[in-house]
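[1] Okay, sequence plus prediction incoming.
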Amino acid sequence: MPSVAEVSNSTHNPKLHSKPFFNDSSSRRQKILQQRKSLPIASVEKRLVEEVRKNDILIIVGETGSGKTTQLPQFLFHAGFCRGGKLIGVTQPRRVAAVTVAKRVAEESGVELGQRVGYSIRFDDRTSTSTRIKYMTDGLLLREALLDPYLSRYSVIIVDEAHERTVHTDVLLGLLKKVQNARSKSADGHSNGNNKNADSDMILDRENDTNGINTLKQCQGRKFPPLKLIIMSASLDARGFSEYFGCAKAVHVQGRQFPVEILYTLYPEPDFLDATLITIFQVHLDEAPGDILVFLTGQEEIESVERLVQERLLQLPEASRKLVTVPIFSSLPSEQQMKVFAPAAAGFRKVILATNIAETSVTIPGIKYVIDPGFVKARSYDPVKGMESLIVVPISKAQALQRSGRAGREGPGRCFRLYPENEFDKLEDSTKPEIKRCNLSNVILQLKALGVDDIIGFDFMEKPSRASIIKSLEQLFLLGALTDDCKLSDPVGHQMARLPLDPIYSKALIVAGQFNCLEEMLITVAMLSVESIFFAPREKLEEARNAMKSFASPDGDHLTLINVYRASDEFLEKRKMEISKEKTEKIRRKWCKDNFINSRSLRHAQDIHRCLAASFFLNAALKQPEGTYSYLTITLVSSTQPIGRALASGQVVQIHPSSVLFRAKPECIVFNELIQTNHKYIRNITRIDYLWLTELAPQYYTMQN
Ligand SMILES: Nc1ncnc2c1ncn2[C@@H]1O[C@H](COP(=O)(O)OP(=O)(O)OP(=O)(O)O)[C@@H](O)[C@H]1O
C-alpha cells in the first residue's frame, strides 16, 4: 500500500512570488493576485515544494480548480528547479489546454508568452531560449524524446490530467520511468553503456542512428541531474499510479475554492438532447446570471442543438432572447475555438456547446453552470478488422467529476447531470485507457525509434492486447517501416519515425520523392494533418458549398485540397508559379495543349495518384454493384509469425457525404479515414486505377487475383 500523505489546507497564506506582473498596478493585476492567493494550493506551496525535493516521483491529487496546473510549475520555478537553464515541462492531453493554460500562467507571471512561460504543440511552438516553464501536449514530449533520449533539458516533468490515459500519456509514463531510472544512474556515476539493467535497456540499447536522432553514443559519459516526475490529476487512481511507479508517494491537496452543487434528474431521460435543450432554457430563464457549458458528443450534435436553441429563442419574448451559442469541437479552426474564452456582449448569457475538448484543465471565464448529459464519443478498435471507430458511450465517474469541475472556478457553480444519481453510481470509475482501444502503429513506430524492440514486453501501465500489437506491426511491415525481423527498416522506418505524422502519411511523403511530386504530397499531407479544411457554418451552408465546388477536383478530395492550398498561396503571396524545367513527353504535351489542359498539373496529378496508392494501399476499396464499397482488410493466416502471409476479406463501407466523390462513386479508391457512426463511412478519398495496386503493392494485392 502506498503512503498517502494528506497535505491539508491551512489558514496560513504564504506570500506569493510576485515578480512585476504589469507596469501599472491595474485592477486586473490585483484581481489575479488575490485569486492566486485564495487558491487551495497556495497555502501548501512550501510543503509541496518540499515533497518534490524529497521524492523523485510524486503523485498529486487535488480538486478541480485547486490550482495544480497553473500554480505548481510557478512554485517550482521560484524554488530554483530551473537553475542552470533547466526546464519544467508540463504535459496536457489536449492542445487547447496547453495553449490556454500557458497564456494564463504567462499573464500571472507578468511575462510575455513565449519568454519565461511558453507552449509547444504540433506545428505551433511558442517557446524561446528563455523559456523555463513549458506547457505542451504529451505527444510532443514523446517526439522530443527521439531527439533527446534523456530529456536532458528538463529538471521536472509534470504529467497533468493523467487520469485521461490517452495513448500518449501511457507511452510517456513508461518512457519517463525508464528515462528517470537512467538519469539517476548516470548521476550516481554509473556508466551508461555497461548497465544492463532491464529498466534502462531502452535507452541504453540504442544503436548508432544515421538519421539525425541522437543516440546513446552521443550521450555516453554525460551526467544528468535526476529527473523529477510529477503525476497530477483531480480524479486519479492514486493507488494504481503509485504501484506502477514502485510505491511512489501520493499527496492530496485538499479543498476547493468554490463549491459546485450537483443536481441529478429523478428519472432516466429517454432523449438526452431534448433534456439538454430543456435544461439550457430552464437555466437561462430561471437562474442567476452566469454562462453555461454543455457537454455533447460531437460536431453534428452540437450543430443541431445550436440550431434548436436559435429556433426556441425566437419563440421567447424579445427580452428573454439574450442568449448566445458558442460551439467548440476539435475540427473547429483554433481561432474559432478561442471564441469560447471571450465574454458575451453585456447583458447576454453565453452557452458553450462543447465536446470533451473542454472537459479537463481549461478554465473558461464566466462559466457558472455545467450541463452534463453523461455521454462521450470514444475511440474503439477492432484489431481483427483493423477498424477504428467512434462510438457514443457513457462517461466515467472521473469524466463526470472533471466536467462539473469546469464550474466553480470563479465563484460557486451548479452542475446538472441529466441522469439519476443511481446511474452515476453505476458508471466506471475511470475511462478505459485509450491504448486498449486504438490502432498502435504510430506508438510502435515511435517506441521502435526509441530503441524498444520488444513491444509486447514494454512496461506499459496497462498492456494493449497482443492482437492489436500484432496488427499494427503487420501494418508497419506492409508500409516498409519494419524489416522481416521486426526492426525499424533503414532508411524508410527511421525516416517515418522522425515525421510527426500518421505512418501512412509519412510513407506517402517518403515515396513522393520517387514520383517527383514531393511538393504536392507535402501539401496534401499538410492539409490532411490539420483539422478539417472546409468549414461550413450552418447559416452560410450554400455559400460554403459553392466555394468548395470551385476548388473541387473530379479526381477526389486530395487533389481538391491541393487546389485550395494553391489558390490561397497565390492569393496571399501573389507568387508566380515556378516553371518546371523537367522535360516531358512531347506527345503528351501536345495532347494536353490541344485539349486545353495544363500538362504539368496533369503530370503531377498522375504522380500523386500513384504515390498515394503506394502508401495508402492498405486502405483501398472497390465499388460493389449496389454502390457501396468493399474495403479490403488484412487477416493473418499464421498466428505464430507476427508478419505472415496476408489475405484480404471485404467489409461494406460507404463514401462519406462530405467527399467530393460522394456522387461520382469511382470503381476503385484509396482513402484515409474509416469512421463508424450509424454507417461505416470512408473519408478523404482519391480515385485510382485498380492495376496500380498490384504494381505498387504486389506483396499484398497479387494475392487477391
Ligand atoms: N484563464 C483563466 N482565467 C481566469 N481564471 C483562471 C484561468 N486559468 C485559471 N484560472 C483560475 O485559477 C484556478 C486554478 O486553475 P488550475 O487550472 O491551476 O486548476 P487545476 O487544479 O489544475 O484544475 P483542473 O484539475 O481542473 O485542471 C481556476 O479555478 C481559476 O480560478
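    It's in.
[2] quick one: secondary structure of the residue of the stretch 251-400 of the chain found nearest the ligand?
    Distance from the ligand to each residue of the stretch 251-400 of the chain (Cβ to the nearest ligand atom) is smallest for residue 363, at 3.5 Å. (C-beta placed from N, C-alpha, C; glycine too.) Classification of residue 363 using DSSP: H, G, I helix; E, B strand; the rest coil returns coil.
[3] which residues does the nearest residue to it once chain neighbours are set aside contact?
    Excluding its sequence neighbours, the residue lying closest to residue 363 (Cβ to Cβ, 6 or more residues apart in numbering) is residue 409, at 5.0 Å. Applying Cβ atoms under 8 Å, 6 or more residues apart in numbering to residue 409 gives the contacts 64-65, 257-258, 363, 367.
[4] tell me the least confident of the residues you listed?
    Within the set of the contacts of residue 409, pLDDT is lowest for residue 257 (83).
[5] Looks like that residue contacts residue 71 (just checking).
    No: with contacts counted by Cβ atoms under 8 Å, residue 257 stays clear of residue 71, the gap being 11.7 Å.
[6] overlap in contacts of those two?
    residue 39.
[7] Enumerate the residues of the stretch 51-200 of the chain near the ligand.
    For the stretch 51-200 of the chain, the residues in contact with the ligand (Cβ under 6 Å from any ligand atom) are 62, 64-71, 100, 104.
[8] filter those residues to the buried ones?
    Buried members of these, counted by 16 or more other Cβ atoms under 10 Å: 62, 64-71, 100, 104.
[9] So of these, which two are at opposite extremes in space?
    The most widely separated members of those are 62 and 100, with 19.2 Å between them, by Cβ to Cβ.
[10] picking that back up, now go through the buried ones among the residues of the stretch 51-200 of the chain next to the ligand and say which are in helices.
    68-71, 100, 104 (DSSP state H).
[11] Now tabulate the residues you listed in JSON lines and tack on pLDDT.
    Formatted as JSON lines, those follow (pLDDT from 0 to 100):
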{"residue": "68", "pLDDT": "96"}
{"residue": "69", "pLDDT": "97"}
{"residue": "70", "pLDDT": "97"}
{"residue": "71", "pLDDT": "97"}
{"residue": "100", "pLDDT": "95"}
{"residue": "104", "pLDDT": "96"}
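[12] can you put these in CSV and add distance to residue 501?
    Output for those, formatted as CSV (distance: Cβ to Cβ, whole Å):
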residue, distance to residue 501
68, 32
69, 29
70, 32
71, 35
100, 25
104, 30
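[13] Considering those residues, which is situated nearest to residue 423?
    residue 68 (28.9 Å).
[14] My read is that that closest one contacts residue 59, right?
    No: using Cβ under 8 Å, residue 68 is not in contact with residue 59; the gap is 11.5 Å.
[15] residues shared between the contacts of these two?
    By Cβ under 8 Å, 6+ apart, the residues touching both residue 68 and residue 59 are residue 232.
[16] thinking again about what came up before, helix, strand, or coil at the residue nearest to residue 363?
    Counting by three-state DSSP, the backbone at residue 409 sits in coil.
[17] For residue 604, report the pLDDT, please.
    So residue 604 comes in at 62 (pLDDT).
[18] swap in residue 155?
    Residue-level pLDDT assigned to residue 155 equals 97.
[19] Whatever residue of the stretch 601-705 of the chain ends up closest to the ligand and residue 332, how far apart?
    Closest contact between the stretch 601-705 of the chain and the ligand, by Cβ to the nearest ligand atom, is at residue 675 (29.6 Å). Counting by Cβ to Cβ, to the nearest Å, the gap from residue 675 to residue 332 is 18 Å.
[20] quick one: which of these two has more around it?
    Each of residue 675 and residue 332 has its neighbours counted (other Cβ atoms under 10 Å); residue 332 has more, 21 against 15.
[21] from the contacts of residue 409, which ones fall inside strands?
    Within the contacts of residue 409, residues falling in strands by DSSP state E are residue 367.
[22] Helix or strand with the lowest mean pLDDT in this protein?
    When each helix and strand of the chain is scored by mean pLDDT, DSSP states H and E, helix 201-204 comes last, with a mean of 35.
[23] need the residues of the protein near the ligand, please.
    Applying Cβ under 6 Å from any ligand atom, we find that the chain lies next to the ligand at 35, 39, 62, 64-71, 100, 104, 234, 257, 360-361, 363, 365, 405, 409-410.
[24] Go through the longest helix anywhere in the chain and flag the buried ones.
    Longest helix in the chain by number of residues (criterion: DSSP H): helix 167-187. Buried positions in helix 167-187, judged by neighbour count with 16+ other Cβ under 10 Å: 167-186.
[25] packing partners for it?
    Where contact means 3 or more Cβ pairs under 8 Å, 6 or more residues apart in numbering; DSSP states H and E, helix 167-187 is packed against helix 138-147, strand 154-159, helix 201-204, strand 228-233, helix 441-449.
[26] Include mean neighbour count when you put the ones you listed into a markdown table, please.
    Shown next, in a markdown table, are these (neighbours: other Cβ atoms under 10 Å):
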| stretch | mean neighbour count |
| --- | --- |
| helix 138-147 | 20 |
| strand 154-159 | 24 |
| helix 201-204 | 23 |
| strand 228-233 | 24 |
| helix 441-449 | 24 |
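[27] How about stretch 388-396, which residues are buried there?
    388-389, 393-396.
[28] Go through those residues and name the one nearest residue 476.
    residue 388 (15.7 Å).
[29] ok, now which ones touch residue 662?
    Residue 662 neighbours (Cβ under 8 Å, 6+ apart): 655-656.
[30] Please, which helix or strand holds the residue nearest to residue 281 when sequence neighbours are not counted?
    Nearest residue to residue 281, sequence neighbours excluded (Cβ to Cβ, 6+ apart): residue 312, at 6.5 Å. Element membership for residue 312, per DSSP states H and E: helix 299-314.
[31] Off-centre distance for stretch 653-664?
    Here the centre of stretch 653-664 is set off from its chain's centre by 26 Å, with Cα atoms, centre = their mean, to the nearest Å.
[32] er, stretch 663-681 I mean
    From the chain centre to the centre of stretch 663-681 is a distance of 24 Å (Cα atoms, centre = their mean).
[33] Just give me the neighbour total for residue 357.
    18.
[34] Number the residues from 458 up from this point.
    Happy to do that; since the first residue is 458 now, the last one works out to residue 814.
[35] Now it. Nearest residue, chain neighbours left out?
    residue 787 (5.4 Å).
[36] Kindly tell me how buried the one you found is, as a neighbour count.
    Neighbours of residue 787 under the rule other Cβ under 10 Å: 16.
[37] Just the pLDDT at it, thanks.
    83.
[38] Residue 520 too?
    Value for residue 520, per-residue pLDDT: 92.
[39] cool, residue 779 as well?
    95.
[40] close enough to count as contact, it and residue 807?
    No: counting by Cβ under 8 Å, residue 779 does not reach residue 807; the two are 10.0 Å apart.
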